[in-house]
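Trainee: based on what follows, work out the 3D shape:
(one chain, ligands or ions: 1)
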Amino acid sequence: MRLLAIALGLALLVAPAARAEDGYDLWLRYKPVEAAAKGPYAARAAAIAPARAAETPTLKVARAELERGLTGLVGKPIRAAAGSRDGVIQLSVAPQAGLSDEGYRIRTEAVNGKTTTVIAASKDIGVLYGVFRYLELIQTRQPVDKLDIASSPKVKLRMLNHWDNLNRTVERGYSGQSIFDWWRLPGHVDPRMVDYARANASIGINGTVLNNVNAKADSLTPPFIAKAAALADTFRPYGIKVYLSARFSAPIEIGGLKTADPLDPAVAAFWKAKADEIYKTIPDFGGFLVKANSEGQPGPQDYGRTHVDGANMLADAVGPHGGVVIWRAFVYSHEQPDDRAKQGYSEFKPFDGQFRDNVVIQVKNGAIDFQPREPFHPLFGAMPKSNLGMEFQITKEYLGFSTHLVYLGPLYEETLRSDTQAHGKGSTVAKVVDGSLDGRKLTVMAGVANIGTDRNWSGSQFDQANWYVFGRLAWDPEADTRAIAADWAKMTFTNDPRFVKPVVDMMMGSREAAVDYMTPLGLHHQMGRSHHYGPGPWVAGGERADWTSVYYAKAGPDGLGFDRTPSGSNATAQYAPAVGACYADLKCVDEKDLLWFHHLSWDYRLKSGDTLWNGLVKRYGQGVKYVDGMETTWAAMAPYVDAPRHAEVTDYLKIQRDEAQWWRDASVAWFGSFSKRPLPPGEKAPPKTLQEYEAMTFPWAPGI
Ligand code: GCV
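Mentor: Numbering: from 1, shown residues only. Presented below is the predicted three-dimensional model:
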């Protein structure tokens, strides 16, 4: 059924002088195509045909987005109306062989002898995704005259996880308050919710968990279900389902029960009734996300039960409605003497094959906690009979918050392209996540959101790129993150190659720079206590050893690093034999992971010929130098960027430069107190004493 035709006329326009922008429009700015980009965008007359069938809400927003996008790009109003001529765009919902329900096809066809761009999909949501792709092609100045594109998402549930609290604070949030205004909902739905949905749909995100995994039971009470329903109604046309984090002890807190034991029939009945109640109000509710028996959260182990007992009980409650339970594998206990990095695998691996079909185990990318660099989590590839989802962090808790320019594409890509070797070579994490390795259909990629009430949404202009690249990778975990950065930079700023090339280069190296100035050579968890701001390699003592830095770096007069080889914690044994053997072998392990797996003497020789101590110090310095380079690059970008956004990025880079230097100096001062070796030639001594660095406190750091 062809539903709509819009004639595309891209007029030749001269780009107006850059106007003040604040980043609110994200990558959906739809600025007029500049005169220099003629060729495929040569002017054509616009003619418009009305929809021939009743529009669904999703088709309506697809048409509205196409009108809005083309109007901006063409520079004159484009509306659906009667008419048929060359340059027409048709939206079509009809069965499409070889595409999934959410996939789309964009083809240039002759329809009634006229050159027509047909955006077709089996379901209306595919049409919306196709519209966004089509607009992206124009925004990034790719040819649109002879199109033959087909695309389906490789991952089924592409989700944001908001760590947003009901009072609008955001755990690990660095971009203002929560965008979910629970107090005024459901009476008032902020129009920003529509822009949130548009932005997410434009990158294929189809689910959002509205509340923090450190959950309150209140979110499951009738008033809050009504609030969530109002959001669900707003997001539905954009193909986005809502999910809630469920507090495992809710049967006690809001159900009047004495227990939350998952094997107690009254508890199971509570959850069944709760699910029925939610689905009555939100018929397409996605399901529950659960953090259980982790960092003090309640869970089945409180009753001597297992993760399987807890997850399956909830799965049985939502299953009849088509809901899922996403159960996190982020578990570790300080009472357990074993290496924290081993605990998730140790607890979950034995349960492989025991979870219900509608349960997904959500695993963080690495075994500790979203560090600047971690080897991939050993559970990937280790649970072939279970649905295993990926959890990345988009908000940069350990990567400088929103004031450090760190493009996370390379971090995500590095993990997704890691080879688990679960079924021999080529068993990448991406293939576990997209389900193809073990033929799994219920697949998940989740990102802990970096979105807040700041006008620029993400706290900084460049952190928008992390939201964007997350969505694109959730659609295709094997996509190239340099190409994605280029798309983002073009749409967010300008297509001018004098801007795109240096900025994309700068973005691509920014994560490695952060690794270098924070935790080089495989170091990890060296940040300030609790708020995780700035360096804190001296953090020791307190309530839990596994929340200290000294637990992870194990610095001493003899050397540095955590021995996870068979002579140490033997975490390497949790990987496929070939992978684990390589990590454990100093001749094979990549130096980027060196101190994650090995404890080495300060005089250990790196591949460069430097000693470990000298190499470490140089790495910190390299990271700082890279930020210097980013400042220089960005300064030269002034002609291509509107002044407000340019100024904001400039300010933030200055903050980043100072903090990178601080990380370097404080870390060198601390580790130097163990190595007792001189600094390599040309390296400056830290300007403050170690005691001065240690004395710095930040009680008002954001995000806690
Ligand atoms: C939501 C880390 C963070 C916590 C977070 C936790 C988790 O420990 O510091 O703020 O809590 O991860 O992922 O559950």
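Trainee: residues touching the residue nearest to residue 220 when sequence neighbours are not counted, list them.
Mentor: Computed as CB to CB, 6 or more residues apart in numbering, the closest residue to residue 220 that is not its neighbour in sequence is residue 250, at 5.4 Å. For glycine as for every other residue, the C-beta is placed from the backbone atoms N, C-alpha and C. Contact analysis of residue 250 by CB atoms under 8 Å, 6 or more residues apart in numbering lists 217, 220, 260, 270, 274.
Trainee: these into a markdown table, with extra columns for secondary structure?
Mentor: Shown next, in a markdown table, are the contacts of residue 250 (DSSP: H, G, I helix; E, B strand; the rest coil):
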| residue | secondary structure |
| --- | --- |
| 217 | helix |
| 220 | helix |
| 260 | coil |
| 270 | helix |
| 274 | helix |
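Trainee: name the SS class of residue 530, please.
Mentor: Residue 530 - assigned by three-state DSSP - is coil.
Trainee: how about low-confidence regions in this protein?
Mentor: 1-19, 35-54, 81-85 (pLDDT under 70).
Trainee: up against the ligand, what does it have?
Mentor: Within the chain, the positions adjacent to the ligand are 163, 171, 172, 213, 214, 291, 295, 330, 369, 397 by CB under 6 Å from any ligand atom.
Trainee: if you set the cut-off to 8 Å instead, what comes out?
Mentor: 163, 171-172, 212-214, 291, 294-295, 297, 328, 330, 364, 369-370, 391, 393, 397, 448, 532, 703-704 (CB under 8 Å from any ligand atom).
Trainee: from these, keep the buried residues only.
Mentor: 163, 171-172, 212-213, 291, 294, 297, 328, 330, 364, 369-370, 391, 393, 397, 448, 532, 703 (16 or more other CB atoms under 10 Å).
Trainee: quick one: contacts for the closest residue to residue 259 other than its chain neighbours?
Mentor: Spatially, and ignoring its direct neighbours in sequence, residue 259 is nearest to residue 267 (6.3 Å; CB to CB, 6+ apart). Shown in contact with residue 267 (CB under 8 Å, 6+ apart): 251, 257, 259, 260, 261, 313.
Trainee: after the helix or strand that contains residue 615, which helix or strand is next?
Mentor: Following DSSP states H and E, one finds residue 615 within helix 612-635. Per DSSP H and E, the first helix or strand lying C-terminal to helix 612-635 is helix 643-675.
Trainee: the helices in the stretch 251-400 of the chain, which residues?
Mentor: 265-281, 307-318, 340-348 (DSSP state H, counting those that start in this stretch).
Trainee: an error on my part: the question was meant for the stretch 101-250 of the chain.
Mentor: 124-139, 192-202, 222-235, 250-253.
Trainee: just say which of those is most tucked in.
Mentor: Each of the helices of the stretch 101-250 of the chain was scored by mean neighbour count; the highest is helix 124-139, a mean of 24, by mean count of other CB atoms under 10 Å.
Trainee: how is the protein partitioned into domains?
Mentor: In terms of domains, the chain is parsed into 2-151, 157-492, 495-524+610-704 (source: automatic domain parsing).
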